[in-house]
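J.: A predicted structure for the sequence below; I have some questions about it.
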Amino acid sequence: LHIGGGLVSHLIDNVQTFLNEIDGKDEWWQKASEAPEEMDKLLEEFAQPKAGEKSQYHSLLNDNRAMAKEAIRMQRKVDSCQAALDTLHKSQEEAIDVEVETIDGSEDESGESDTSTSLAEQSLVDNLNNATKELEEALKNCLDHASTTKLGHRNKVRRALNKLRPLVTNYLKSSNKRPKGKMQNTFRAGIKAVGGKFLTQHGGSELTTDNGMDVIDRFKEVVEYVVNVLPPDTDEGKKLREAFEKYSKVAEELMPVLRLLKSQDKCENEDDVLRILNAFILAWEKAFPGKYFIKLHHLMQHVYDIITLYGMYGILSEESMEALHKRINDLMSLSKSQTVTKRITATNAKAQTIGKTDVANNLKIMKEKSTGKKRAQYNIDRSSQNVEAAGSISRYEIVTIDGEEFAVIMQGEGHLPIKFLELYDLLVHGRVPIQWMETIRSSEKLTNVQKEQLSYYER
């Protein structure tokens, strides 16, 4: 079973490697390769100056920080005046609640007290108003300076570039599994169109074993997606078609091998096994000369010997062994957190009890009563999946500053030069460039995400 999964994965990987070589010559990939150098030049403006050197950006930044500190100081002054005024008001409210005995001359003393309180209150109000005006002026100076020097915009550009730069570096590595161009993207779109589901592990580039068999069985439909990307009369187009004729042959000969490895039947004709294996190995060597791996070695050197030795195919399959995992785990759960001796004793005792006729019947009744109705088959149609992902796609706000366009990203905290937007979309949101979608636009098997991507760009 694992040998079959490895054969599928290596076929898909080798095809994608070939397509990456074609994508590497495309203009889009060339621009993506130049993006880090361009971003580094833009980020040079924000780098800390060396000793003895001056930086216009850092000079403006320090001036603005000084203004911001002044605004913070004025805010504290406003808070202090407001606190003093609140304290005075609170003491006045407490005085009203106190009953004062009437004595000679008390009216004059009360009047003097009220006058004194009124003057103190007026003084605090004046201080608060003056501090508020100073705060508003300090904030205005800070904002006007940032606007005039475009410091706020520069900071947003810096944030956007710092977010994108490491993502691009990782994307350009040869080990990165993301599609490098329209060829590989179309190939992956074709796989998804026939029901292929990529695992989330290993960069989302590998198929599940069973799902891989479905893709191999419908590999010719995937080929139709890819070969129409390039015109047939060009050198690259001819090279593409010749390569995929070989890949189709590999997939065609691989399918009987996968059925053989998955089968639980006895071997009735050893010659048929040898014929199936030889046909696949010859097709593989023609399509991928010199590209061998451990599981292919096992297939070439050991599978036939094991089948002839034991007289059955199923001996190679782990499915029967995998089915025992649940039973083993159930037994282990009967005696957790015990010593080895007690665990064996407890497991044996409980297993013996479960095996008794009356206990077994009761357990069977409990299971039937507590088990719900068996659900129908899972829907494997890709068009019904990823609805949330499709609905999350939205447009960007575009701003123009000094004649250059920027996309507003990161909830308004970043300004990204428009020339890097496709890279940002691909690496952050998984939206492929519009030119990559042109080759599959007319397909009737697009997923919801792919349909939404097309409508997004058309808007």
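T.: Okay, I see it.

J.: Tell me where the stretch 301-450 of the chain is predicted with low confidence.
T.: Low-confidence segments of the stretch 301-450 of the chain, defined by pLDDT under 70: 313-326, 331-340, 343-344, 347-348, 350-360, 362-364, 366-394, 439-450.

J.: give me that answer again for 90
T.: The model of the stretch 301-450 of the chain has pLDDT under 90 over residues 301-404, 409-414, 422, 425-450.

J.: got it, and the stretch 1-150 of the chain?
T.: 1-10, 12-13, 16-17, 20-28, 41-150.

J.: one more time with 80
T.: Across the stretch 1-150 of the chain, the ranges flagged by pLDDT under 80 are 1-3, 45-65, 67-68, 85, 88-121, 124, 141-150.

J.: Using CSV, write out the CA atom coordinates for stretch 275-287.
T.: The C-alpha trace of stretch 275-287 is given here as CSV (Å, rounded to 0.1, in the frame of the first residue of the first chain):
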residue,chain,number,x,y,z
ARG,A,275,4.1,-8.5,-17.2
ILE,A,276,2.3,-5.8,-15.2
LEU,A,277,5.5,-4.8,-13.3
ASN,A,278,7.7,-4.9,-16.4
ALA,A,279,5.3,-2.7,-18.4
PHE,A,280,5.3,0.0,-15.7
ILE,A,281,9.1,-0.1,-15.1
LEU,A,282,9.8,0.3,-18.9
ALA,A,283,7.3,3.2,-19.1
TRP,A,284,9.0,4.8,-16.0
GLU,A,285,12.5,4.5,-17.4
LYS,A,286,11.4,6.0,-20.7
ALA,A,287,9.7,9.0,-19.0
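
J.: Identify each buried residue in that stretch, please.
T.: If you call a residue buried by 16 or more other Cβ atoms under 10 Å, then stretch 275-287 has these buried ones: 276-277, 279-280, 283-284, 287. Placement of C-beta: from N, CA and C, glycine included.

J.: Which residues does it contact?
T.: 14, 243, 246-247, 249-250, 252-254, 256-257, 260, 296, 299-300, 303-304 (Cβ atoms under 8 Å, 6 or more residues apart in numbering).

J.: now do 7 Å
T.: Contact partners of stretch 275-287, identified using Cβ atoms under 7 Å, 6 or more residues apart in numbering, comprise 246-247, 249-250, 253-254, 256-257, 260, 299-300, 303-304.

J.: What of stretch 218-225?
T.: 186-187, 189-191, 193-194, 244, 248, 251, 440.

J.: Among those, which one sits closest to G311?
T.: A251 (28.9 Å; Cβ to Cβ).

J.: give me the number of residues near S33?
T.: 14 (other Cβ atoms under 10 Å).

J.: Could you count how many residues lie near G196?
T.: Neighbours of G196 using other Cβ under 10 Å come to 22.

J.: likewise N62?
T.: Residues near N62, counting by other Cβ under 10 Å, number 11.

J.: Secondary structure class of it, three-state.
T.: helix (DSSP: H, G, I helix; E, B strand; the rest coil).

J.: Distance check, it against K69.
T.: From N62 across to K69, the span is 10 Å (Cβ to Cβ, to the nearest Å).

J.: With E221 instead?
T.: 66 Å.

J.: next one: Q92
T.: 35 Å.

J.: Equivalent analysis for I365, please.
T.: Counting by Cβ to Cβ, the gap from I365 to K69 is 77 Å.

J.: that older thread, now, which of the contacts of stretch 218-225 sits nearest K419?
T.: Of these, the one sitting nearest to K419 (Cβ to Cβ) turns out to be T186, at 24.0 Å.

J.: Surely that closest one touches N228?
T.: No - in this structure, T186 is not within contact of N228 by Cβ atoms under 7 Å, at 8.6 Å.

J.: more neighbours, those two?
T.: Neighbour totals were compared for T186 and N228, and T186 leads with 25 against 16 (other Cβ under 10 Å).

J.: That one - that's part of a helix, no?
T.: Yes - counting by three-state DSSP, T186 is located in a helix.

J.: got a pLDDT number for it?
T.: Looking at T186, its pLDDT is 86.

J.: Show me which of the contacts of stretch 275-287 are buried.
T.: For those, buried by 16+ other Cβ under 10 Å: 247, 249-250, 253-254, 256-257, 260, 299-300, 303-304.

J.: Check the secondary structure at V157 for me.
T.: helix.

J.: Could you report the distance from it to S174?
T.: Distance of V157 to S174, given as Cβ to Cβ: 30 Å.

J.: neighbour-wise, which of the two wins?
T.: Using other Cβ under 10 Å as the criterion, V157 and S174 rank with V157 on top: 22 against 7.

J.: wait, M255 sits on D214?
T.: No - the criterion here is Cβ under 7 Å, and M255 misses it with D214 at 10.3 Å.

J.: could you point out which element follows the helix or strand hosting A283?
T.: A283 belongs to helix 270-287 when assigned by DSSP states H and E. Once the chain leaves helix 270-287, the next helix or strand it forms, by DSSP H and E, is helix 294-298.

J.: how about the CA coordinates for that next one, as PDB?
T.: Output of helix 294-298 as PDB, limited to C-alpha atoms (Å, rounded to 0.1, in the frame of the first residue of the first chain):
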ATOM      1  CA  ILE A 294      13.600   3.300  -2.600                       C
ATOM      2  CA  LYS A 295      10.000   2.200  -3.200                       C
ATOM      3  CA  LEU A 296      10.700   1.800  -6.900                       C
ATOM      4  CA  HIS A 297      13.700  -0.400  -6.000                       C
ATOM      5  CA  HIS A 298      11.400  -2.500  -3.800                       C
END
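
J.: Which elements pack onto that helix?
T.: helix 2-23 (3 or more Cβ pairs under 7 Å, 6 or more residues apart in numbering; DSSP states H and E).

J.: buried sites along the helix it packs on?
T.: By neighbour count on 16+ other Cβ under 10 Å, the buried set for helix 2-23 is 3-12, 14-16, 18-20, 22-23.

J.: Please apply the same query to stretch 264-276.
T.: 267, 273, 276.

J.: now do stretch 78-91
T.: 78, 81, 85, 88.

J.: Mind listing residues that contact it?
T.: With contact meaning Cβ under 7 Å, 6+ apart, stretch 78-91 is reached by 120-121, 124-125, 127-128, 131-132, 135.

J.: if we go to 10 Å?
T.: 117, 120-121, 123-136 (Cβ atoms under 10 Å, 6 or more residues apart in numbering).

J.: Do you have the strands of this protein handy? List them.
T.: 397-401, 404-409, 414-417 (DSSP state E).

J.: coming back round to it: please pick the buried ones from the contacts of stretch 78-91.
T.: 124, 127-128, 131-132, 134-135.

J.: any idea which of these is the one closest to T341?
T.: Looking across these and measuring by Cβ to Cβ, the closest to T341 is L135, at 76.8 Å.

J.: burial count for the closest residue to the closest one other than its chain neighbours?
T.: Excluding its sequence neighbours, the residue lying closest to L135 (Cβ to Cβ, 6 or more residues apart in numbering) is M74, at 4.0 Å. Per other Cβ under 10 Å, the neighbour tally for M74 reads 19.
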